[in-house]
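[1] sequence first, then the predicted structure:
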Amino acid sequence: DTGVSQNPRHKITKRGQNVTFRCDPISEHNRLYWYRQTLGQGPEFLTYFQNEAQLEKSRLLSDRFSAERPKGSFSTLEIQRTEQGDSAMYLCASRPSSAGELFFGEGSRLTVL
Amino acid sequence: DQQVKQNSPSLSVQEGRISILNCDYTNSMFDYFLWYKKYPAEGPTFLISISSIKDKNEDGRFTVFLNKSAKHLSLHIVPSQPGDSAVYFCAARGTSGTYKYIFGTGTRLKVLA
């Protein structure tokens, strides 16, 4: 399977714990995006990487959220001190510089109890 | 501020008939528009896109129309099939100063057999 891969697919955690999600984009895609989706809403932009450089962050991304793409390949999204409001589907997408469409992974669902 | 709007949360269509999904946007600087389909527990799947220099793009049963003066785009599916039942999101890409894609809230399409 050469699509975008996200792990874990589902994470249940207690409020106050830290969680980390991983995204492996399609191998030749140098652009990587993180989105968050809650019930009844469309995907909301969180952050964007071009290779290893984080070029844009949403105001939605509070200081509890951090994302990295250390070698320009896989990316991680960490949420510290989780809150119930962080419960959502976290989606990763990638694209090559030559194409306009985003290719999404299947998402990582976070449930904060 | 919702820059991309899908005002119909749901739509039901008989199998074999045409499905028309609508999307409005407010930012005249958007240069590229996309439609995605999403099944439950899966990530969004790219369907079709259109550049702002065109007013129509067709791919098999799917056609996207863009009316720049009205800031409106629509997705036509003909003929509709039961497997088309899903949530459809329109999205727009900004131009200078931002890399993000902005999504609407989605329209749930149900194709009745």
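    Received the coordinates, thanks.
[2] ok, the residue positioned nearest the centre of chain A to residue A:50 distance?
    Geometric centre of chain A, nearest residue: residue A:34, 3.5 Å, by CA atoms, centre = their mean. Distance, residue A:34 to residue A:50, using CB to CB, to the nearest Å: 13 Å. Bear in mind the C-beta positions are built from the backbone N, C-alpha and C, glycine included.
[3] cool, and residue B:110?
    For residue B:110 relative to residue A:50 (CB to CB), the value is 39 Å.
[4] ditto for residue A:86
    For residue A:86, the distance to residue A:50 - CB to CB - is 26 Å.
[5] ok, now residue B:39?
    Distance from residue B:39 to residue A:50, by CB to CB: 30 Å.
[6] out of these two, which sits in the more crowded spot?
    Using other CB atoms under 10 Å in any protein chain shown as the criterion, residue B:39 and residue A:50 rank with residue A:50 on top: 15 against 12.
[7] do I have it right that the more buried one meets residue A:30?
    Yes: at 6.3 Å, residue A:50 counts as touching residue A:30 under the criterion of CB atoms under 8 Å.
[8] in this structure residue A:55 contacts residue A:48, no?
    Yes: in this structure residue A:55 lies within contact range of residue A:48 using CB under 8 Å: 5.5 Å.
[9] okay, these two: which has more neighbours?
    Higher neighbour count among residue A:55 and residue A:48: residue A:48, with 22 against 12, using other CB under 10 Å.
[10] buried set for the one helix or strand that one maps to?
    For residue A:48, the host element (DSSP states H and E) is strand A:44-50. By neighbour count with 16 or more other CB atoms under 10 Å in any protein chain shown, strand A:44-50 contains the buried residues A:44, A:45, A:46, A:47, A:48, A:49.
[11] what residues does chain A have near chain B?
    With CB under 8 Å from any CB of the partner chain as the criterion, chain A meets chain B at residues A:4, A:6, A:31, A:33, A:35, A:40-45, A:48, A:50, A:55-56, A:58, A:91, A:93, A:100-107.
[12] only whichever of the residues you listed are buried, select them in ChimeraX.
    Restricted to buried positions by 16+ other CB under 10 Å, the ChimeraX selection for those reads:
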select /A:4,6,31,33,35,42,43,44,45,48,56,58,91,93,100,101,102,103,104,105,106,107
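[13] in chain A, what helix or strand scores lowest on average pLDDT?
    Lowest on mean pLDDT, DSSP states H and E among the helices and strands of chain A sits strand A:53-57, with a mean of 92.
[14] okay, which residue of chain A is out on the far edge from center?
    residue A:98 (21.7 Å).
[15] distance of that one from chain B?
    13 Å (CB to the nearest CB, to the nearest Å).
[16] in a helix, that residue, correct?
    No: secondary structure of residue A:98 (DSSP: H, G, I helix; E, B strand; the rest coil): coil, not part of a helix.
[17] where in chain A is pLDDT low?
    A:1 (pLDDT under 70).
[18] could you redo the last one with a cut-off of 50?
    Within chain A, no range satisfies pLDDT under 50.
[19] ranges for the strands of it?
    A:5-7, A:10-13, A:19-24, A:31-37, A:44-50, A:53-57, A:65-68, A:75-79, A:88-95, A:103-104, A:108-112 (DSSP state E).
[20] output the set of residues of chain B in proximity to chain A.
    Residues of chain B lying near chain A (CB under 8 Å from any CB): B:4, B:6, B:32, B:34, B:36, B:41-46, B:49, B:51, B:89, B:91, B:93, B:98-106.
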